[in-house]
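Undergrad: the following comprises the amino acid sequence and a computationally predicted model.
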2 protein chains.
Amino acid sequence: MLTLFHHPLYASCRFVRLALGEYGEELQLIEEQPWMRRKEFLALNPAGTIPVLLAEGDNPLVGATVIAEYLDETRGAFQRQRRLMAEDSIARAEIRRLVDWYLVKTESDVTKHLVRERALKSLMGSAGGAPDSGAIRAARANVRQHLKYTSWLAATRDWLAGPRLSYADLAAAATLSILDYLGEINWSEYEAARDWYSRMKSRPSFRPLLNDRVRGLPPASHYTDLDF
Amino acid sequence: MLTLFHHPLYASCRFVRLALGEYGEELQLIEEQPWMRRKEFLALNPAGTIPVLLAEGDNPLVGATVIAEYLDETRGAFQRQRRLMAEDSIARAEIRRLVDWYLVKTESDVTKHLVRERALKSLMGSAGGAPDSGAIRAARANVRQHLKYTSWLAATRDWLAGPRLSYADLAAAATLSILDYLGEINWSEYEAARDWYSRMKSRPSFRPLLNDRVRGLPPASHYTDLDF
């Protein structure tokens, strides 16, 4: 069985869990608090970041896109219609662009600030310091742009990167699921994004994410509803 | 001919130029100042980031790793010994980990701060504001860790990711070449890294980088020396 070092509030970790779920892989989860810089974990990944997947032979694979490419080479390539990447190189580039959009750009504009200020600082205790309301305000102002872009993609394509479910949908859903846990999305403003997210939420691969709970921070009331 | 939107002080752009150079591709360069958020450029890449490569059919490919994967699929796969990626999936993951190390981690710990404070702010004029000496100090404190890691990799492997030249070497050399332009590396402390960098610097693909000049900021005196 594969082992994933993860944290439930990191979009890149949720992305990897969704990918492994779609490919039907059983997964052992180890919750890592990367801010603790645990010695044994740094030996696996000197960068100290998550996710890290222990692949065949316990080789540590570091980072969401590194893991996604590995899974495409070792699983996806043999999956035909269920492959989470396209076959064509230009279509593959579009999928990768959108994975980066959500896991890098949305992360740096929105997700990491809201997660840090609203959740991680309290998990870190006194070392975390007080929430920065200015950072929360700035991130909330950016949420709209990312939801509008997601709605535009969902309204113009069957799935976010094209005609088939792909890593792009998984990266977007992983990111939005965290913002939704925090109650930061007013879905009524983004109809096409909501319809797409509702399809994502109904997938079996999504169920473990809906069961995630963070100590002292219950999810928004509609978080688990398939009809929201 | 392929067209690259780039800036000479962005490591991820230099990385792409090195990769195309290694594959013998002719390249048209367009210098983009991403902080200007030029409308025509945002139409190509709504994220507003560089590099962007116009590939076959003028399809815009966004971001260094997206471009690198595309080049591997469309060029590298047919190159045998000159391929910049490994064949084996675990070895490919190690190359990708190191590309991320330099283009994401070194970038965020070191490169982007020194480039912004020491070069971009003056290129931006009054909109840039004054250099932040605290950010410069913090970045300089981090340089050592990244050079030590590079020296360790160079001392224990033929090339940074293993027995063959790979994208990992190109990402590291692209990053260090910018720090070297700025005179931020005391090579005498990092012998193995220096020997490896000297090999990189002698490659024909590197020559265009050694000719880069930024207005008002001449390179360190040894920047172009092959024997430094």
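TA: Good, I have the coordinates. Predicted, not measured: the structure shown is a model, and the values here were computed from it. Numbering: from 1, shown residues only, chains lettered A, B, ... in the order given.
Undergrad: residue numbers of chain A in contact with chain B?
TA: For chain A, the residues in contact with chain B (C-beta under 8 Å from any C-beta of the partner chain) are A:46-47, A:49, A:55-57, A:59, A:61-63, A:65-67, A:69-70, A:73-74, A:89-90, A:92-93, A:96-97, A:100-101, A:105, A:149. Using the backbone N, CA and C atoms, a C-beta is placed for each residue, glycine as well.
Undergrad: among those residues, which ones are in helices?
TA: A:65-67, A:69-70, A:73-74, A:89-90, A:92-93, A:96-97, A:100, A:149 (DSSP state H).
Undergrad: between these, which is closest to residue B:8?
TA: residue A:100 (22.6 Å; C-beta to C-beta).
Undergrad: list the residues that contact that closest one.
TA: A:65, B:62-63, B:65-66 (C-beta atoms under 8 Å, 6 or more residues apart in numbering or on different chains).
Undergrad: one step back: can you flag the buried ones in the residues of chain A next to chain B?
TA: Using 16 or more other C-beta atoms under 10 Å in any protein chain shown as the burial test, these include A:47, A:49, A:55, A:61-63, A:65-67, A:69-70, A:73, A:89-90, A:92-93, A:96-97, A:100-101, A:105, A:149 as buried.
Undergrad: number of residues surrounding residue A:119?
TA: 21 (other C-beta atoms under 10 Å in any protein chain shown).
Undergrad: swap that for residue A:228, please
TA: When neighbours are counted by other C-beta under 10 Å, residue A:228 comes out with 16.
Undergrad: which non-adjacent residue is nearest it?
TA: Closest residue to residue A:228 apart from its sequence neighbours, by C-beta to C-beta, 6 or more residues apart in numbering or on different chains: residue A:222 at 4.3 Å.
Undergrad: mind listing the helices for chain A?
TA: With DSSP H as the criterion, chain A has helices spanning A:11-22, A:39-44, A:64-74, A:89-100, A:112-115, A:121-123, A:133-156, A:167-181, A:191-201, A:207-210.
Undergrad: just send those back as JSON lines, with distance to residue A:82 too.
TA: Compiled in JSON lines, the helices of chain A are given as follows (distance: least, C-beta to C-beta, whole Å):
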{"stretch": "helix A:11-22", "distance to residue A:82": "7"}
{"stretch": "helix A:39-44", "distance to residue A:82": "30"}
{"stretch": "helix A:64-74", "distance to residue A:82": "12"}
{"stretch": "helix A:89-100", "distance to residue A:82": "15"}
{"stretch": "helix A:112-115", "distance to residue A:82": "31"}
{"stretch": "helix A:121-123", "distance to residue A:82": "36"}
{"stretch": "helix A:133-156", "distance to residue A:82": "21"}
{"stretch": "helix A:167-181", "distance to residue A:82": "12"}
{"stretch": "helix A:191-201", "distance to residue A:82": "15"}
{"stretch": "helix A:207-210", "distance to residue A:82": "18"}
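Undergrad: nearest to residue B:27, of those?
TA: helix A:89-100 (17.5 Å).
Undergrad: that closest one vs helix A:11-22, what angle?
TA: 130 degrees (axes from the mean of the first three to the mean of the last three C-alpha atoms, to 10 degrees).
Undergrad: so who does residue A:132 touch?
TA: residue A:117.
Undergrad: quick check: residue A:120 vs chain B, distance?
TA: 18 Å (C-beta to the nearest C-beta, to the nearest Å).
Undergrad: my guess is that residue meets residue A:127, correct?
TA: No: using C-beta atoms under 8 Å as the test, residue A:120 is too far from residue A:127 to be in contact (10.5 Å).
Undergrad: what about the two, which has more around it?
TA: residue A:120 (20 against 8).
Undergrad: contact partners for that one?
TA: A:9, A:35, A:128.
Undergrad: just the closest of these to residue A:192, please.
TA: Out of the contacts of residue A:120, the member with the shortest distance to residue A:192 (by C-beta to C-beta) is residue A:9, at 26.2 Å.
Undergrad: quick check: domain ranges of chain A?
TA: As recorded under automatic domain parsing, the domains making up chain A are A:2-82, A:89-204.
Undergrad: mind putting these into CSV with mean pLDDT?
TA: Below are these laid out as CSV (pLDDT from 0 to 100):
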stretch, mean pLDDT
domain A:2-82, 96
domain A:89-204, 96
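Undergrad: want to throw those into a markdown table with distance to residue B:159?
TA: Shown next, in a markdown table, are the domains of chain A (distance: least, C-beta to C-beta, whole Å):
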| stretch | distance to residue B:159 |
| --- | --- |
| domain A:2-82 | 18 |
| domain A:89-204 | 25 |
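Undergrad: distance of the residue sitting furthest away from the middle of chain A relative to chain B?
TA: Most distant residue from the mean C-alpha position of chain A: residue A:126, 27.4 Å away (C-alpha atoms, centre = their mean). Separation of residue A:126 from chain B (C-beta to the nearest C-beta) stands at 23 Å.
Undergrad: so who does that residue touch?
TA: Contacts of residue A:126 by C-beta under 8 Å, 6+ apart: none found.
Undergrad: just to revisit the earlier point, could I get the contacts of residue A:100 as a markdown table with distance to residue A:23?
TA: Putting the contacts of residue A:100 into a markdown table (distance: C-beta to C-beta, whole Å) gives the following:
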| residue | distance to residue A:23 |
| --- | --- |
| A:65 | 16 |
| B:62 | 26 |
| B:63 | 25 |
| B:65 | 22 |
| B:66 | 22 |
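Undergrad: brilliant, that's me finished.
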